[in-house]
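S.K.: Need a 3D model of the following:
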Amino acid sequence: MPDYEAVIGLEVHAQLKTASKLFCSCSTAFGSEPNENVCEVCSGMPGVLPVLNRTAVEYAVKMGLAVNCEINERSVFARKNYFYPDLPAGYQISQYESPLCGPGHLDVETSAGPRRIGITRIHMENDAGKNIHSSAENVSYVDLNRAGVPLIEIVSDPDIRTSEEAVAYLKGLRSILLYLGICDGNLEEGSFRCDANVSIRPRGQAEFGTRAELKNLNSFRNVQRAIDYEIGRQADLLDDGEAVVQETRLYDAGRNTTASMRGKEEAHDYRYFPDPDLIPIQLERAWIEKWAAELPELPRERRERMAAEYDLPAEDARILTEEKGLADYFEAAVAAYDAPKKIANWMVGEFLRRLNETHTAAEDAAMGPESLAALVALIDKGTISGKIAKDVFPDLFASGRAPEEYVKAKGLVQISDAGAIEAAVDAVIAANPAEVEAYRGGKTKLMGFFVGQVMRETRGKANPQLVNELLQGRLG
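M.R.: Model prediction:
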């Protein structure tokens, strides 16, 4: 059987976080009542004229700059013609021959090493509405609240070869969008979504195979699973002597399969032509330079700086800088208590686990960075043990209470008084003569047993380091 290589290109749609839509003043707020945020322009009424949202242009250019794109000072809006109930004008306003940004690239890290993924273009367009199908009522509804919301479409080159690379690229794009503050990156609400074009070819062959476009990919996990399934499906077809059909396929996450949805359109099917109601965008070089100067420290630079400045392992630095809120939280905690490695350990472990379980962003956590710093300081001072800190962490995370006040109120302050611990050590030794004899006879692994007994005697409050020192002194 041939050894196949996948060729993958991604089309990513990111909803820009503007207050109003791309060509009218209607709100972009998510969760409004159906058809509440609609006017004559975004509902496609005849005779109305669109007016371009300047902030959306600024956001799109900033994304282009952040992914090393050329910025085209002149770009043109085009009408992309197709008919669907959620597209009331009968066309989408997009860009075709003259996009705002491109070409560019994004560097990503994978298990196989660094990879550079080319970006063909970034163009602006307005979103369609949403169809809601009710099988119970045997009717379909159209909600136009989303119609006209500003999008950028980020089109990659066909440089991606594995599902892992695809996910790394998507996470990289989302992270940059969040750092720029121009998109909320919410996959579930559809403000960050992706279509994948997947084909395979015998390894070493230059010519591309026939591609299928995959839709309904609403999580990173589903992107990876859908691509892997599609690669396997196409390989099975070719191995059986059958042809891969160019088409759009819908991914079913429950079954982990893709199913044919419709034939894949080509550009000519959309009959693009310049929109006569919109003049070309003409950027001034001074605007581009101003927007470039306003770019924040981006994920890759912040990751490299934090790894060097705080002497963090590369993986910890990567995790902590994936989202701006998490990186800000970490640096605020370190500013409150200078123990970066210990704070990083708590954040990539307990803190991140709780954020994921509660679907909470770092910046929204009840437990602020100063509280986490205070908890680490209590361990370092010997006020509480690491075990007690781990035990109380869920309560501190949920309540946001000050750690020192909490552990005192609960009577959890660690015993560091040598006299009190000596009494517990003597009691444990007296109660376990057989184990003492075995330890002194060479079974030194019994030290763990004795430590455990002393900790039980003191209800977990004894300073573990002092317990070990006193036991070693008594047992010889």
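S.K.: who are the neighbours in contact with residue 269?
M.R.: Taking Cβ atoms under 8 Å, 6 or more residues apart in numbering, we find residue 269 in contact with residue 82. The way it works is simple: take the backbone N, C-alpha and C, and place the C-beta from them, glycine included.
S.K.: Could you verify that it is part of a helix?
M.R.: Yes - according to DSSP: H, G, I helix; E, B strand; the rest coil, residue 269 belongs to a helix.
S.K.: which ones are touching residue 322?
M.R.: Residue 322 touches 171, 175, 299, counting by Cβ under 8 Å, 6+ apart.
S.K.: again, 6 Å this time
M.R.: Residues in contact with residue 322 (Cβ atoms under 6 Å, 6 or more residues apart in numbering) are residue 175.
S.K.: And it, how close does it get to residue 222?
M.R.: Separation of residue 322 from residue 222 (Cβ to Cβ, to the nearest Å): 19 Å.
S.K.: Also residue 461?
M.R.: Residue 461 is 47 Å from residue 222, by Cβ to Cβ.
S.K.: for the stretch 101-250 of the chain, what spans make up the helices?
M.R.: Applying DSSP state H, counting those that start in this stretch to the stretch 101-250 of the chain gives helices spanning 163-180, 220-239.
S.K.: Would you point to the one among the ones you listed that's packed deepest?
M.R.: Burial of those is given as mean neighbour count (mean count of other Cβ atoms under 10 Å); helix 163-180 ranks first at a mean of 22.
S.K.: what's the angle between that helix and helix 220-239?
M.R.: Angle, helix 163-180 to helix 220-239, by axes from the mean of the first three to the mean of the last three Cα atoms, to 10 degrees: 150 degrees.
S.K.: what helices or strands is helix 163-180 leaning on?
M.R.: Counting contacts by 3 or more Cβ pairs under 6 Å, 6 or more residues apart in numbering; DSSP states H and E, helix 163-180 packs against strand 4-15, strand 104-110, helix 220-239.
S.K.: orientation of it relative to strand 104-110 in degrees?
M.R.: Angle, helix 163-180 to strand 104-110, by the same axes, to 10 degrees: 120 degrees.
S.K.: which stretches of the stretch 301-450 of the chain aren't confidently modelled?
M.R.: Within the stretch 301-450 of the chain, the ranges that satisfy pLDDT under 70 run 414-417.
S.K.: Tell me where it has helices.
M.R.: Going by DSSP H, counting those that start in this stretch, the stretch 301-450 of the chain shows helices at 314-321, 324-336, 340-346, 352-358, 369-381, 386-399, 403-409, 418-431, 433-440, 447-457.
S.K.: Please identify which of those helices is closest to residue 133.
M.R.: Across the helices of the stretch 301-450 of the chain, residue 133 has its closest neighbour in helix 352-358 (31.9 Å, Cβ to Cβ).
S.K.: Could I get the buried residue list for the closest one?
M.R.: Across helix 352-358, burial judged by 16 or more other Cβ atoms under 10 Å covers 354-355.
S.K.: which outside residues touch that helix?
M.R.: Outside helix 352-358, the residues that touch it by Cβ under 6 Å, 6+ apart are residue 397.
S.K.: quick one: that helix to chain centroid distance?
M.R.: 14 Å (Cα atoms, centre = their mean, to the nearest Å).
S.K.: just to revisit the earlier point, reformat the helices of the stretch 101-250 of the chain as TSV; add distance to residue 317.
M.R.: Converted to TSV, these look like this (distance: least, Cβ to Cβ, whole Å):
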stretch	distance to residue 317
helix 163-180	13
helix 220-239	20
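S.K.: Out of those, flag the one nearest residue 42.
M.R.: helix 163-180 (23.2 Å).
S.K.: The closest one vs strand 4-15, what angle?
M.R.: Relative orientation of helix 163-180 and strand 4-15, computed by the same axes, to 10 degrees: 20 degrees.
S.K.: so who does residue 123 touch?
M.R.: So residue 123 contacts 95, 99-100, 153 (Cβ under 6 Å, 6+ apart).
S.K.: ok, now with 7 Å
M.R.: 94-95, 99-100, 153 (Cβ atoms under 7 Å, 6 or more residues apart in numbering).
S.K.: what does residue 249 give?
M.R.: Contacts for residue 249 (Cβ under 7 Å, 6+ apart) come out as 212-214, 258-261.
S.K.: Of the residues you listed - the most surrounded one?
M.R.: Ranked by the number of neighbours (other Cβ atoms under 10 Å), these place residue 214 first, at 25 neighbours.
S.K.: how about the nearest residue to that residue, chain neighbours excluded?
M.R.: Excluding the flanking residues, the one nearest residue 214 by Cβ to Cβ, 6 or more residues apart in numbering is residue 196, at 4.5 Å.
S.K.: what about that neighbour, how many residues close to it?
M.R.: Per other Cβ under 10 Å, the neighbour tally for residue 196 reads 26.
S.K.: Quick check: the gap between it and residue 183.
M.R.: Distance, residue 196 to residue 183, using Cβ to Cβ: 19 Å.
S.K.: element containing the nearest residue in space to residue 425 that is not next to it in sequence, please.
M.R.: Nearest non-adjacent residue to residue 425, counting by Cβ to Cβ, 6+ apart: residue 470, 4.8 Å away. Using DSSP states H and E, residue 470 sits in helix 464-475.
S.K.: Outside of that helix itself, list whatever touches it.
M.R.: For helix 464-475, the external contacting residues (Cβ under 7 Å, 6+ apart) are 385, 416, 418, 421-422, 425, 429, 436, 439-440, 447, 450-451, 454-455.
S.K.: returning to that earlier point: can you put the contacts of residue 123 in JSON lines and add secondary structure, neighbour count and pLDDT?
M.R.: Shown next, in JSON lines, are the contacts of residue 123 (DSSP: H, G, I helix; E, B strand; the rest coil; neighbours: other Cβ atoms under 10 Å; pLDDT from 0 to 100):
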{"residue": "94", "secondary structure": "strand", "neighbour count": "19", "pLDDT": "97"}
{"residue": "95", "secondary structure": "strand", "neighbour count": "26", "pLDDT": "97"}
{"residue": "99", "secondary structure": "coil", "neighbour count": "24", "pLDDT": "97"}
{"residue": "100", "secondary structure": "coil", "neighbour count": "25", "pLDDT": "98"}
{"residue": "153", "secondary structure": "strand", "neighbour count": "18", "pLDDT": "98"}
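S.K.: mind giving me CSV with those and columns for distance to residue 4?
M.R.: Shown next, in CSV, are those (distance: Cβ to Cβ, whole Å):
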residue, distance to residue 4
94, 33
95, 34
99, 32
100, 36
153, 28
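S.K.: still on that earlier bit, nearest to residue 75, of the contacts of helix 464-475?
M.R.: Of all the contacts of helix 464-475, residue 385 has the smallest distance to residue 75: 61.2 Å, by Cβ to Cβ.
S.K.: Count the residues that sit near that closest one.
M.R.: Residue 385: 22 neighbours (other Cβ under 10 Å).
S.K.: Of all the helices of the stretch 301-450 of the chain, which one is nearest residue 83?
M.R.: Per Cβ to Cβ, nearest to residue 83 of the helices of the stretch 301-450 of the chain: helix 324-336, 40.5 Å.
S.K.: on that earlier part again, ok, of the contacts of helix 464-475, which come out buried?
M.R.: Buried subset of the contacts of helix 464-475 (neighbour count, 16+ other Cβ under 10 Å): 385, 421, 425, 429, 436, 439, 450-451, 454-455.
S.K.: quick one: which of the residues you listed is nearest to residue 396?
M.R.: residue 385 (15.0 Å).
S.K.: quick one, phi/psi of the closest one?
M.R.: Main-chain dihedrals, residue 385, degrees, to the nearest 10: phi -90, psi 160.
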